[in-house]
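# test case, fold it:
(chains A and B)
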Amino acid sequence: MLLTAFIISSAAHTQDSLAKQPLLDVNYFSYNNNIPYVQVMARLKQGRKFEPVKGVILKVYLDSISPSLLMTEKGVTDETGKADAAMPPSLQKEWNASAKHTFIAEASGVKEFEGEKALMEITKAKLLMDTATGSETKNIIVTLVALEDGKWTPVKDADMKIMIKRLGGDLTVGDEANYTTDSSGTVTAEFKRDSIPGDANGNIVLIAKVEDNDNYGNLSLEKTAKWGAPLAYHSALYERSLFATRDKAPIWLLFMAYFIIGIVWGTLIYLVFQIFKIKKLGKQAV
Amino acid sequence: MKITTQNKSKSFAVDTTITLTEEQISRDLYPQKFGIRGKIWTAILIAICLIGAYAYYLQLKEGLVVTHMRDYVSWGIYISNFVFFVAISLVGSLITAIFRLSNVRWSTPLTRIAEIIAVSAIVFASIIIVVDMGRPERFLNLFLHGRIQSPIMWDVIVIGTYFFISLLLLYLPLMPDLRILNRDPKKNPRFLNWLYHIGGSFWKGTKEQFRVSNRAITILCIVIIPVAFCIHTVTSWLFATTYRPGWDSTNFGAYFVSGAFLVGAGGVVVAMYIFRKSYNLEKYITVLHFEKMGRIVVLLALLYLYFNVNEYLVPAFKMKKPEEQHLTQLFAGEFAPVFWFAILIGMIIPIFILIFKKGRKPLPMFIAGIMIVIGAWFKRYLIVTPTLLHPFLPMNDVPESYKHYFPSWQEWAIAMGSLAGALLIITFFARVYPIIPMQETINEENEKAEPL
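Model prediction:
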């Protein structure tokens, strides 16, 4: 009897652990201190697995659930389970009125998410970046400031990343990837990648990021610096090569190909003439 | 005229004395109407071709979506079939050209069989490659915008050339036979008379005509050998010039050519047996021919096995990370049954059959030939498809179905239709023209009968 009870309770426990639990997350993003946007992510949690849910319809509000504070009415999650909502111009007044705001997401359209809500509270903050070139060193100075009582106040002990933006991902500027702001809200990172290729003028893009901060959300700021090695791009596309266009085939290949084709087809044409010769010989024999 | 033919060989202990007259040779080798079995065979082939044509109609209408080829496997059984056809077509050069230039006289009854196999295979190799294109009308773009740097372009050129050479090599030795076929128009249907007249009414059998013809055939035999090697080497380069597990090999050209010779020779053995039985050609395709072809086939099978050992053992010994999945799938994974089937049926078992003298009799040879041809078809499938399932950079977020491949019924129907089509060409050819060269056989019998 005990065993039966154990099996039933285990089965019930397993069923519970395998039940799909809807998860709705709101994230705040500010890129280059421009107009912010929020990203809502819909996932189903089953055991230890997270499965993105496509097709969840989202309403996103600023500060409270009211039609006049609606940021988006028809946000729909994509196959990664994400949907974005930018701050509309109509809410500029409400956005500027306060240093702290709350974003509220309301889901529908998918059974598991019907009536689900999620919110995120943020304090307005921004990043400032400057570069300093010394005789032997190059430094990147980034300051994180938050809006408090109408003033931009430095934020201390905040984590951030300072990187170089590359095509395949971001690259550290020196030995470290993560930095923490000091009492003046500032981080100084030494740039140690002098030989890194930049664009044709040697420009590279530096990027500072605050990620998933409980108070300020996700902030990022980019700045172009002429610290890279100028890249002289040499295109071989218009030179004769095996991978070029048809009119740029290598001379040796053209010679070889047409020589072989000429020899073989020349012989074949000669043989066709031999058939005509046989035909002529046949007529003469009559 | 009465001719006495002696096939005597101490080593093979075959001693057959056949008395053949020119009339008898002409009568024996004259194209015959289909019997009931021939009609059933032809009807089955036509039915398979029609099903294939319907499947192709569906593919044209709906697009390549009717196949199970997706982003991973973009070359399925169509391309496997293409490689198979190109491979089997190589036999024309082996039997006709190499043997003729080596003055191997016993191969005369087999030359036309080999040549028609080559022509029919190369025709369907060309057709199946167009079938593989979602938009067949774009084939024209290959000529308008083709790049000479691309191995695909080389393949188109060399296949076109090989087809033309094979046609000439089929036609030139046929001309004297057309004269024999033209002799008595009452024996032939009107259409065939017209065909024989168009093709060979000008052949009078003069010394000068024979001289020009023989010289042309010799030149063709010289030209066809490098072109035949090119056709399959270039086909192998379609794969080997692509950096992918299983294809990235310097062994591929020789590996393909040796495999092609094997499947071609196997195909000839099967055709020899069937024609011998169907048309009662025991006097012309003798036990000795099987004995000699058996020795050639076993040599080719051993050669191909050697290249297979090179192709698989060396990468397996190193087991480089990117190739590991591909090789494991072949040896012990999803493709292991097909892989070991192809190795055993296509090489090992035929070698064991043919290495013994009793195995080189017509029936065991026929069975071994069938095994070689079937094994070769699956071998081409294994060369083409598993590699595509294991790219160096797997794609993200593809549906699970993209990671596996099993052909749709339309693909099977088209592939089988093309095989049936090739057999149909051979069948109709044998109905219209003598499958064993008549004049050449007569000449050889005359030469043998002449006192030394």
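
# can we go C-alpha only for contacts and neighbour counts from here?
OK.

# tell me the centre residue of the chain?
With no chain named, the answer covers chain A. Chain A has residue A:169 as the residue nearest its centroid, 8.6 Å off, counting by CA atoms, centre = their mean.

# chain B, not that one
Geometric middle of chain B (CA atoms, centre = their mean) lands on residue B:88, at 2.5 Å.

# helix or strand: which one has the closest residue to residue A:212 other than its chain neighbours?
Nearest residue to residue A:212, sequence neighbours excluded (CA to CA, 6 or more residues apart in numbering or on different chains): residue A:218, at 5.4 Å. Element membership of residue A:218 [criterion: DSSP states H and E] is strand A:217-225.

# which is the next helix or strand following that strand?
Going down the chain from strand A:217-225, the next helix or strand is helix A:251-285, by DSSP H and E.

# so what does that next one touch, helix or strand wise?
Identification of packing neighbours for helix A:251-285 by 3 or more CA pairs under 8 Å, 6 or more residues apart in numbering or on different chains; DSSP states H and E yields helix B:207-240.

# keeping just the C-alphas, turn stretch B:76-94 into CSV.
In CSV, the C-alpha atoms belonging to stretch B:76-94 read as follows (Å, rounded to 0.1, in the frame of the first residue of the first chain):
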residue,chain,number,x,y,z
GLY,B,76,19.4,13.0,-53.8
ILE,B,77,18.8,9.9,-55.9
TYR,B,78,18.7,12.0,-59.1
ILE,B,79,22.4,12.8,-58.8
SER,B,80,23.1,9.2,-57.6
ASN,B,81,21.4,8.0,-60.7
PHE,B,82,23.4,10.5,-62.8
VAL,B,83,26.7,9.2,-61.4
PHE,B,84,25.6,5.6,-61.9
PHE,B,85,24.7,6.3,-65.6
VAL,B,86,28.0,8.1,-66.2
ALA,B,87,29.8,5.1,-64.6
ILE,B,88,28.1,2.4,-66.6
SER,B,89,28.6,4.3,-69.8
LEU,B,90,32.3,4.0,-69.5
VAL,B,91,32.1,0.3,-70.6
GLY,B,92,31.9,1.4,-74.2
SER,B,93,35.4,2.6,-74.1
LEU,B,94,36.6,-0.5,-72.2
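
# find the nearest non-adjacent residue to the closest residue to chain B within the stretch 101-250 of chain A, please.
Residue nearest to chain B within the stretch 101-250 of chain A (CA to the nearest CA): residue A:246, separated by 4.5 Å. Spatial nearest neighbour of residue A:246, excluding adjacent residues (CA to CA, 6+ apart): residue B:147 at 4.5 Å.

# equivalent analysis for residue B:132, please.
Leaving aside its sequence neighbours, residue B:132 sits nearest to residue B:78 (CA to CA, 6+ apart; 6.0 Å).

# and the one you found, how many neighbours?
Neighbour count of residue B:78, defined by other CA atoms under 10 Å in any protein chain shown: 26.

# contacting residues for it?
By CA atoms under 8 Å, 6 or more residues apart in numbering or on different chains, the contact set of residue B:78 is B:128-129, B:131-132, B:411, B:415.

# how about residue B:421?
Counting by CA under 8 Å, 6+ apart, residue B:421 has contacts B:45-46, B:49, B:124.

# at 10 Å instead, please
Going by CA atoms under 10 Å, 6 or more residues apart in numbering or on different chains, residue B:421 touches B:45-46, B:48-50, B:52, B:120-121, B:123-124, B:415, B:427.

# tell me the pLDDT of residue A:6.
We note a pLDDT of 54 for residue A:6 in this prediction.

# meant to ask about residue B:56
At residue B:56, the model reports a pLDDT of 97.

# picking up where we left off before, got TSV for the contacts of residue B:421, with pLDDT and distance to residue A:24 too?
Formatted as TSV, those follow (pLDDT from 0 to 100; distance: CA to CA, whole Å):
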residue	pLDDT	distance to residue A:24
B:45	98	62
B:46	98	62
B:48	98	57
B:49	98	58
B:50	98	57
B:52	97	53
B:120	96	64
B:121	96	62
B:123	96	61
B:124	96	58
B:415	97	51
B:427	96	69
